[in-house]
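Student: just the structure for this:
(one chain, ligands or ions: 2)
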Amino acid sequence: MNSVAAIIEASQVSAPVAPQSAAPALIRASGVSKIYRMGDQTVRALDDVSLEIAKGDFVAIMGASGSGKSTMMNLIGALDRPTTGHLAIDGRDIATMSSDELADLRNGTIGFVFQQFNLLPRTPALNQVILPLLYAHPRPDDLEARAHHRLEQVGLGKRTDHLPSQLSGGQQQRVAIARALINNPKILLADEPTGALDTKTSEEIMKLFGELNAEGITVIIVTHEPDIADFARRKLVFRDGKIIDDTERAPLKAATAAKDRVL
Ligand SMILES: Nc1ncnc2c1ncn2[C@@H]1O[C@H](COP(=O)(O)OP(=O)(O)O)[C@@H](O)[C@H]1O
Ligand SMILES: [Mg+2]
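Tutor: Ligands and ions are numbered 1, 2, ... in the order given. Okay, here's the model as predicted:
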């Protein structure tokens, strides 16, 4: 191997792939550790993680059960603070913020989607979507119109009166996604959003995330499934609380699918 090849190979091995985009980092973790203490046991759920996610990126987080994926998502979602290190979301370091400030950051910036759709059983779709802002101060005047718009965006414009029991699993997850969008979030976090769905429905949900990402929302999903991760632009793999792989993928499946529809 000549020296140039050696340098290239060395740089590929050692340097995590940075987002190509010139956009400023929306999420910047530096030296983040999260240690859970239970009695005299401690678990290092995240171990000195440094990471930047650019505005507008579409990231899949993978890794075995217990590798720290949900812990990372909880931090990015301002649901929790790191034990040590710094995590800035939209330029604000959550390590130094009060619980009220974290709640404001969440309400203004972040939408959450979960594996179990977490819908209320006897509540029509429109009200499910309105609910996160129902008690907001001030409550947006156009809340109902916004909820209608979001349900249309996820393909449920004609299902606004339906109860969860009258919707398929994929449709229920779409309601949950519309609900996550009601605060016009910059970041959409989805922890195993397709874990309870069949393959075809999972791919439809991933295409929807791709469309939302194309509109400018930064999307971060956790998944166990490589085929699902392939919809994202960037893939992070966690093991034992560390990032062991960080790759950018091309071509983007969702973008290809969107292009196919246009042509
Ligand atoms: N609230 C908690 N209290 C104690 N230990 C926790 C808590 N949450 C997660 N852990 C532990 O931290 C590690 C990482 O968990 P988690 O982030 O949920 O992993 P993943 O989402 O990749 O399955 C695991 O060992 C888990 O048992
Ligand atoms: Mg998890």
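
Student: what about the strands in the protein?
Tutor: For the chain, strands defined by DSSP state E occupy the ranges 25-38, 41-54, 58-63, 84-89, 92-93, 110-114, 187-191, 218-222, 234-239, 242-248.

Student: what packs against the first one?
Tutor: Helices and strands touching strand 25-38, by 3 or more C-beta pairs under 8 Å, 6 or more residues apart in numbering; DSSP states H and E, are strand 41-54, helix 69-76, strand 84-89. Placement of C-beta: from N, CA and C, glycine included.

Student: change it to 10 Å
Tutor: Other elements packing on strand 25-38 under the criterion 3 or more C-beta pairs under 10 Å, 6 or more residues apart in numbering; DSSP states H and E are strand 41-54, helix 69-76, strand 84-89, strand 218-222.

Student: just name the most buried of the ones you listed.
Tutor: strand 218-222 (a mean of 26; mean count of other C-beta atoms under 10 Å).

Student: who does that strand pair up with?
Tutor: strand 58-63 (parallel), strand 187-191 (parallel) (DSSP bridges).

Student: quick one on the thing from earlier: out of the helices and strands packed on strand 25-38, which is closest to Leu102?
Tutor: Leu102 sits nearest to strand 84-89 of all the helices and strands packed on strand 25-38, at 9.5 Å, using C-beta to C-beta.

Student: which residue, neighbours along the chain excluded, lies closest to Val113?
Tutor: Residue nearest to Val113 in three dimensions, not counting chain neighbours: Ala190, with 3.9 Å by C-beta to C-beta, 6 or more residues apart in numbering.

Student: for the one you found, give me its contacts.
Tutor: Ala190 is in contact with 60-61, 73, 111-115, 173, 176-177, 180, 205-206, 209, 219-223, counting by C-beta atoms under 10 Å, 6 or more residues apart in numbering.

Student: go on, Lys34?
Tutor: 43-47, 49, 68, 71-72, 74-75, 80-85, 87, 241.

Student: and for Ile89?
Tutor: Per C-beta under 10 Å, 6+ apart, neighbours of Ile89: 25-29, 53, 75-78, 97, 102, 105-106, 109-110, 186-187.

Student: rerun at 7 Å
Tutor: With contact set as C-beta atoms under 7 Å, 6 or more residues apart in numbering, Ile89 has these partners: 27, 76, 78, 105, 109.

Student: look up how far Leu163 lies from whichever residue of the stretch 101-250 of the chain sits closest to ligand 1.
Tutor: In the stretch 101-250 of the chain, the residue found nearest to ligand 1 is Phe238; the distance is 6.2 Å by C-beta to the nearest ligand atom. Plainly put, Phe238 is 37 Å away from Leu163 if you go by C-beta to C-beta, to the nearest Å.

Student: tell me which strands and helices the longest helix anywhere in the chain is in contact with?
Tutor: Counting residues, the longest helix in the chain under DSSP state H turns out to be helix 199-214. Secondary-structure packing of helix 199-214 (3 or more C-beta pairs under 7 Å, 6 or more residues apart in numbering; DSSP states H and E): helix 169-181, strand 218-222, helix 253-262.

Student: and it, what's its mean pLDDT?
Tutor: Mean per-residue pLDDT for helix 199-214: 97.

Student: lowest confidence element among the helices and strands of this structure?
Tutor: Sorted by mean pLDDT, DSSP states H and E, the helices and strands of the chain end with helix 3-14, the least confident at a mean of 44.

Student: more neighbours, Phe238 and Leu163?
Tutor: Phe238 (25 against 16; other C-beta atoms under 10 Å).

Student: right, is stretch 72-83 up against ligand 2?
Tutor: No - judged by C-beta under 5 Å from the ion, stretch 72-83 stays clear of ligand 2, getting no closer than 7.6 Å.

Student: circling back to that earlier point, out of the helices and strands packed on strand 25-38, nearest to Ile130?
Tutor: Using C-beta to C-beta, the helices and strands packed on strand 25-38 put strand 218-222 closest to Ile130, at 22.8 Å.

Student: could you check the angle strand 234-239 makes with the closest one?
Tutor: If you take axes from the mean of the first three to the mean of the last three C-alpha atoms, to 10 degrees, strand 218-222 sits at 40 degrees to strand 234-239.
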